[in-house]
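Engineer: sharing a model prediction with you, sequence too.
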Protein chains: 2
Amino acid sequence: MKISQLSAASGVSQPTIKLYLREGLLPPGAKTHANQAAYSEAHVRRLGIIRTLTQVGGLSVASAKTVLDAIDSDLPLNWTFGLAQRAASPDVDGTDLSDADLARADDFLAGLTYHDGPGRFGVAKALRAMADAGLEADGAWRESYRKAAEIIGEADIDLIDRREGRLAKAETVVIGTVLGDALLAALRRAAQEHFSSQRYPSRSTETAP
Amino acid sequence: MKISQLSAASGVSQPTIKLYLREGLLPPGAKTHANQAAYSEAHVRRLGIIRTLTQVGGLSVASAKTVLDAIDSDLPLNWTFGLAQRAASPDVDGTDLSDADLARADDFLAGLTYHDGPGRFGVAKALRAMADAGLEADGAWRESYRKAAEIIGEADIDLIDRREGRLAKAETVVIGTVLGDALLAALRRAAQEHFSSQRYPSRSTETAP
DNA sequence: TCATAATGGATAGTTTAGGTATCTATAGTG
DNA sequence: CACTATAGATACCTAAACTATCCATTATGA
């Protein structure tokens, strides 16, 4: 398969494919001559994953490369997990978090063990931002969120458990981490619509501009 | 309060404040002279919300403007909801979704009423991306996600219900929509860490690079 | 076979977004 | 009255993600 066919099969333009080759997201094709290479179905599939990560998951090309490298490597699975989480999270350092910020997060996470990382720091940042914005979320709301997160986190780990082999598990970790965020956000919107229209039936048929 | 003091009080640089004024995210100060204006505490607060939306919520400046306009307007609350959802979602049009994509989403959403919008379309896109990536999520996983989304969606609507007055409700809608996504993603990471370390205790202390 | 089109690889250009720097006439301040 | 600050306009900068143009070489088809 030549690059023109790869482009047609994947729906990605030739210059963009060349970009991904340069950046190392896509492995080079098997060289048949100095200026001729053969691409395979694996390249088509890989391009699909790249587009999924960047377009649906919103990852940068650099982050996508990190995550793809993790799939290909033989790193322990939990490292892959951490890499995927970091790639899919905007900024993970806790340097600008005060002790009070962290305490608020740890209080929220009560019942969940926690470590430094995207989870704990992200919760701390989100809660601080809410407090700054004057949105004091009450206990019922917080309890619902914590409960929902528990359900989801366990389901994610179960799903990975059911996969056979390191590669399948690693792919599930990466795709699941990135797409799970998008799916969850969308489900949340759908559920909000559902309960909103259920509670205010007269408004349910209006549409936002 | 002059612009230098506004900058000091908000932690946002003067050129950036001028940018937000130009773009209409920040209302102009009360003019005292042709080249002199007075800013208030409301401007400090507004700058805080802008930074929250753009930095924690990841909204573009243009999306943040849309959402702030919705807070200020006297649009019905469910319109504000829709605007906030759209601003916080990458792409909402369902034009590239096939009937099969939508059917898969509607099946997932069973039990929830749904309408065209970020929720339904976002679910359809995420599920299609998962299928494309070869991640076939089984029924148990799907059921967990749907259940979690129900808990969260209802909690969100309850929280808004408990607010008094249109402005407070509208602010809660906007901040809650944007920051709720960030909080939920972070909570999910924390829960994944928790269950992962619980299930694989020997690995729990390892740290990703 | 030989003109024509396609290829891999390098290099340069484009677009968009978010922010920064400079400039100017005017106003406040010590 | 010297000096700094201000509002507003304009220009500039940087990074990311593509896109376009070259070029020598290779494939292809009338």
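Structural biologist: Nice, I can see it. Numbers count the residues shown, from 1 in each chain, chains lettered A, B, ... in the order given.

Engineer: need the longest helix for chain A.
Structural biologist: Secondary structure of chain A per DSSP state H: the longest helix is helix A:166-199.

Engineer: could you give the angle of the lowest-mean-pLDDT helix or strand in chain A to helix A:166-199?
Structural biologist: Averaged element by element with mean pLDDT, DSSP states H and E, chain A has its least confident helix or strand at helix A:77-88 (a mean of 86). Relative orientation of helix A:77-88 versus helix A:166-199 (axes from the mean of the first three to the mean of the last three C-alpha atoms, to 10 degrees): 50 degrees.

Engineer: tell me if the longest helix of chain A is near DNA strand D.
Structural biologist: No - counting by C-beta under 7 Å from any atom of the strand, DNA strand D is not contacted by helix A:166-199; separation bottoms out at 13.6 Å. For glycine as for every other residue, the C-beta is placed from the backbone atoms N, C-alpha and C.

Engineer: wait, does that helix contact chain B?
Structural biologist: Yes - against chain B, helix A:166-199 shows contacts by C-beta under 8 Å from any C-beta of the partner chain at A:171-172, A:175-177, A:179-199.

Engineer: list buried residues within those residues.
Structural biologist: Buried members of these, scored by 16 or more other C-beta atoms under 10 Å in any protein chain shown, are A:171-172, A:175-177, A:179-197.

Engineer: now the longest helix of chain A: how far from the chain's centre is it?
Structural biologist: Chain-centre distance of helix A:166-199: 10 Å, with C-alpha atoms, centre = their mean, to the nearest Å.

Engineer: can you map out the helices along chain A?
Structural biologist: Using DSSP H, helices in chain A cover A:3-10, A:14-23, A:41-51, A:61-72, A:77-88, A:99-108, A:118-132, A:139-161, A:166-199.

Engineer: could you dump those into JSON lines with distance to B:Ala37 added?
Structural biologist: As requested, those are exported to JSON lines (distance: least, C-beta to C-beta, whole Å):
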{"stretch": "helix A:3-10", "distance to B:Ala37": "54"}
{"stretch": "helix A:14-23", "distance to B:Ala37": "46"}
{"stretch": "helix A:41-51", "distance to B:Ala37": "47"}
{"stretch": "helix A:61-72", "distance to B:Ala37": "42"}
{"stretch": "helix A:77-88", "distance to B:Ala37": "42"}
{"stretch": "helix A:99-108", "distance to B:Ala37": "34"}
{"stretch": "helix A:118-132", "distance to B:Ala37": "25"}
{"stretch": "helix A:139-161", "distance to B:Ala37": "39"}
{"stretch": "helix A:166-199", "distance to B:Ala37": "39"}
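
Engineer: where among these is average confidence lowest?
Structural biologist: The minimum mean pLDDT among those belongs to helix A:77-88 (a mean of 86).

Engineer: other SSEs contacting that one?
Structural biologist: Contacts defined by 3 or more C-beta pairs under 8 Å, 6 or more residues apart in numbering or on different chains; DSSP states H and E place helix A:77-88 against helix A:61-72, helix A:118-132, helix A:166-199, helix B:166-199.
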